[in-house]
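Q: sequence? don't have it. structure:
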């Protein structure tokens with residue numbers, strides 16, 4: 001009887017220990033710190049966490065932070081500023097989407113990318129969708145919600161779109177479709193859309209052009225005979241004879257879905273941008289948006 005009781009106790013202990021070990025199993029999140037809309041990277045580390053860990057807890061455990069009114073006011077000695085002359089603060093993104101809750105209320109999911117950027121918010125400048133966590137935008141989504149994604153292309157980019165499709169499939173995007181631009185695209189705010197078009201084709205889409213022409217919109221480039229990189233106040237800082245652009249913007253107000261734009265004034269440059277997406281995604285890691293040229297990948301908004 002004693003042996004039987006001892007065996008039961010041992011089995012209960014083993015079962016409870018296994019259960020605890022699963023609960024405490026380490027997950028991983030990539031944390032990036034940058035400033036000036038992704039212009040300068042300050043920190044980039046993969047950090048472990050356990051189930052039910054918030055962004056705030058992960059930051060407390062691994063970085064030097066100061067908290068003010070429940071929000072992170074300073075990270076590694078870089079403090080927010082709130083004055084008439086300077087309005088600078090820390091903003092954080094989960095897998096490319098501007099967080100919709102404070103860091104003490106966002107519970108991390110396995111593989112989440114968390115990017116903190118220190119930048120101005122003068123003139124109500126808010127950028128709510130960035131490309132720098134690719135492909136997590138599509139593979140992980142926000143708060144674990146993985147949305148359907150459609151790749152919308154013109155025929156001249158079909159082969160590269162096929163390669164992009166295969167890359168995203170291989171990296172875990174389950175609900176993924178391809179379609180020709182002649183069949184239109186879905187404006188459903190529960191679907192991510194990637195538009196792979198020349199500028200002449202893209203400029204025929206009214207809602208994209210409304211954002212493009214909006215002084216307060218989230219696109220920081222201009223395209224005509226040249227491609228221009230803009231700063232956060234929409235001033236021209238750089239010009240390129242031929243280039244392409246990779247940019248992202250929300251599909252709607254407070255939407256968790258995005259429209260990605262891959263476009264430019266030169267077909268070969270657009271294919272070069274697509275090549276980055278399916279072969280060298282590390283080239284856009286941490287960037288807000290990007291201009292792709294023959295020789296470089298330039299973060300936009302451009303820092304002066």
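A: Nice, I can see it. Remember, predicted model here, so these are calculated numbers, not experimental data.
Q: any idea of the pLDDT on residue 22?
A: On pLDDT, residue 22 comes in at 43.
Q: make that residue 121, sorry
A: So, for residue 121, pLDDT stands at 85.
Q: next, find the distance separating the residue lying closest to it once chain neighbours are set aside from residue 116.
A: Closest residue in space to residue 121, ignoring its immediate chain neighbours: residue 87 at 5.1 Å, by Cβ to Cβ, 6 or more residues apart in numbering. Placement of C-beta: from N, CA and C, glycine included. From residue 87 across to residue 116, the span is 17 Å (Cβ to Cβ, to the nearest Å).
Q: now the residue nearest to residue 121: phi and psi?
A: phi -120, psi 90 (degrees, to the nearest 10).
Q: what's across from it in the sheet?
A: residue 82 (DSSP bridges).
Q: burial of it, as a residue count?
A: Using other Cβ atoms under 10 Å, residue 87 has 16 neighbouring residues.
Q: so who does it touch?
A: Listed by Cβ atoms under 8 Å, 6 or more residues apart in numbering, the contact partners of residue 87 are 81, 120-122.
Q: let's see that with 6 Å instead.
A: By Cβ atoms under 6 Å, 6 or more residues apart in numbering, the contact set of residue 87 is 120-122.
Q: closest to residue 276 out of these?
A: Distance to residue 276 across the contacts of residue 87 (Cβ to Cβ) is lowest for residue 120, with 27.9 Å.
Q: list phi and psi for that closest one.
A: In terms of degrees, to the nearest 10, the main-chain angles of residue 120 are phi -70, psi 150.
Q: what residues are up against it?
A: Residue 120 sits next to 87-88 when contact means Cβ under 6 Å, 6+ apart.
Q: spell out for me which residue occupies the centre of this structure.
A: residue 96 (1.9 Å; Cα atoms, centre = their mean).
Q: and residue 8, what's its pLDDT?
A: pLDDT, residue 8: 36.
Q: my error: substitute residue 165 in the last question.
A: Per-residue confidence (pLDDT) for residue 165: 98.
Q: where along the stretch 51-200 of the chain do the strands fall?
A: Here the stretch 51-200 of the chain has its strands, by DSSP state E, counting those that start in this stretch, at 65-68, 71-75, 78-79, 81-82, 87-94, 97-98, 113-120, 148-153, 176-180, 191-196.
Q: buried sites along the first one?
A: Neighbour counts using 16 or more other Cβ atoms under 10 Å place residue 65 of strand 65-68 among the buried residues.
Q: check the offset of that strand from the chain's centre.
A: Strand 65-68 sits 24 Å away from the centroid of its parent chain (Cα atoms, centre = their mean, to the nearest Å).
Q: so what's the residue nearest to residue 112 when sequence neighbours are not counted bridging to?
A: Computed as Cβ to Cβ, 6+ apart, the closest residue to residue 112 that is not its neighbour in sequence is residue 29, at 4.9 Å. With DSSP bridges as the criterion, residue 29 is bridged to residue 47.
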